[in-house]
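**Q** Build the 3D model from these lines:
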Amino acid sequence: MNNIMDYLDWRGDLSFETSPFNEVDGLILSTIAYAEFDKIVTESFEDQILLRDCYGDFSNYLTDEKYSRLGVIIPEEVINLFHKASETYRFGTLRLSGYVNHVDEEAELQFAAITFQNTLGDVFVAYRGTDDTVVGWKEDFNLAVMDKIPAQEKAVEYLEEVYAQRSLNEMELLPTQNIGKRIYLMGHSKGGNLAIYAATNAKPMIKELISGVYNYDGPGFSKEFLMTDAYKSINDVTHWFLPEESMIGTLLYHGNNEYVVNSPNRGLMSHDMFSWNVLGNVFVKTGLLSKDAIVMHKIVDNVLERLTAEQTKVFISVVFDVLFANNTKTLSDINGKNFLALIDAVKTADAETKQVFHELGQLTMQTIKESR
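**A** Down below sits the predicted model:
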């Protein structure tokens, strides 16, 4: 199977002028966004650094686990991809700027983003997906019960800052270069959700420049959100990609341009972007989600439709209160003790909480039975 690493071999020597930006490029930039750029790329959009030089600086910190170890969910190959991309003409000549990374347990916020720009003046905003932090995962769960989460608001603010920069509006380019000032938004996992939310809520003058929005196996939105005029205005340039066994991307609802990508991995492992099959400059599409992915989507649908918003909040609160009480900061910290603590918490909980967990279990079992 060929993947995004093979794509770098095939097309790494081609400029964006020769071969325009495509869906595979978007996944590569979304993947690089998982790397730690602290001390290397500043929040300033004026202070740019070539990707090839960025990796050179980054490699000096690889003895530090903050840079070399990305957690239990994010593939270790991210660093290898970053390195390989930096050695290609296509990606090595991209300029990076505007790196932000905010994690706030009290505000239940995990947000990170970085901006890439090519020699044509095209701007690629990559929102990082959920990292290894527990607070980041709680924020993901909050998508089910909140109209908007803090990271979504940050995503809109970040896009407005990108637009306001001189690098977009007053670039000095060679006369032969055509500056289209196009903006592309993208992200893997929650990052894809943030990209769509930011584009949807962007100001009209920003929307005029948005040429593509890419959600790579990220959660969707409520039916009501997708029916708004604000979302409909960017629907035609929005693309949703899910692996056949998608468990994350099938959460909630999607727009029209949805594509199912071939991946040999099963279940949550198909969330791994390195397992997605690539041919040329596109993903290999299958057209249909697997039975397990459809069942998972139905389970979430049934839970959200039959449990009240308050009941869902109770479930989220109990699970994450247990994790935080045990000083669990990252997924890497989770162990058997956390699950035992959760069981004890439910056993000693009030009648309402016990009923929520009971109904959740019944709904799950019923959906699985009906889907067989």
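
**Q** Would you map the helices across the stretch 151-300 of the chain?
**A** In the stretch 151-300 of the chain, the helices defined using DSSP state H, counting those that start in this stretch lie at 166-169, 190-200, 204-207, 223-226, 229-232, 291-306.

**Q** Let me have the ones you listed in CSV, extended by distance to Leu251 and mean pLDDT.
**A** C-beta coordinates here come from the backbone N, C-alpha and C atoms, glycine included. Shown next, in CSV, are the helices of the stretch 151-300 of the chain (distance: least, C-beta to C-beta, whole Å; pLDDT from 0 to 100):
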stretch, distance to Leu251, mean pLDDT
helix 166-169, 33, 50
helix 190-200, 9, 97
helix 204-207, 26, 92
helix 223-226, 13, 92
helix 229-232, 17, 97
helix 291-306, 6, 80
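
**Q** Make a markdown table from the ones you listed and add mean neighbour count and distance to Leu81 to it.
**A** Formatted as a markdown table, these follow (neighbours: other C-beta atoms under 10 Å; distance: least, C-beta to C-beta, whole Å):
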| stretch | mean neighbour count | distance to Leu81 |
| --- | --- | --- |
| helix 166-169 | 14 | 25 |
| helix 190-200 | 29 | 15 |
| helix 204-207 | 12 | 29 |
| helix 223-226 | 14 | 32 |
| helix 229-232 | 13 | 31 |
| helix 291-306 | 17 | 25 |
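
**Q** any weak-confidence spans in the stretch 251-372 of the chain?
**A** For the stretch 251-372 of the chain, the stretches with pLDDT under 70 are 320, 323-325, 330-335, 339, 342, 363, 367-372.

**Q** redo that, cut-off 80
**A** 268, 296-297, 299-309, 312-346, 349, 354, 356-372 (pLDDT under 80).

**Q** Figure out which of the helices of the stretch 151-300 of the chain is closest to Lys84.
**A** helix 190-200 (20.8 Å; C-beta to C-beta).

**Q** which residues in this protein form strands?
**A** Taking DSSP state E to define them, one finds strands in the chain at 49-50, 95-104, 109-117, 123-127, 183-188, 210-216, 238-243, 258-261, 278-279, 282-283.

**Q** rewinding a little: let's have the helices of the stretch 151-300 of the chain in JSON lines, adding distance to Thr115.
**A** Listed next are the helices of the stretch 151-300 of the chain as JSON lines, based on distance: least, C-beta to C-beta, whole Å:
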{"stretch": "helix 166-169", "distance to Thr115": "9"}
{"stretch": "helix 190-200", "distance to Thr115": "12"}
{"stretch": "helix 204-207", "distance to Thr115": "14"}
{"stretch": "helix 223-226", "distance to Thr115": "25"}
{"stretch": "helix 229-232", "distance to Thr115": "23"}
{"stretch": "helix 291-306", "distance to Thr115": "32"}
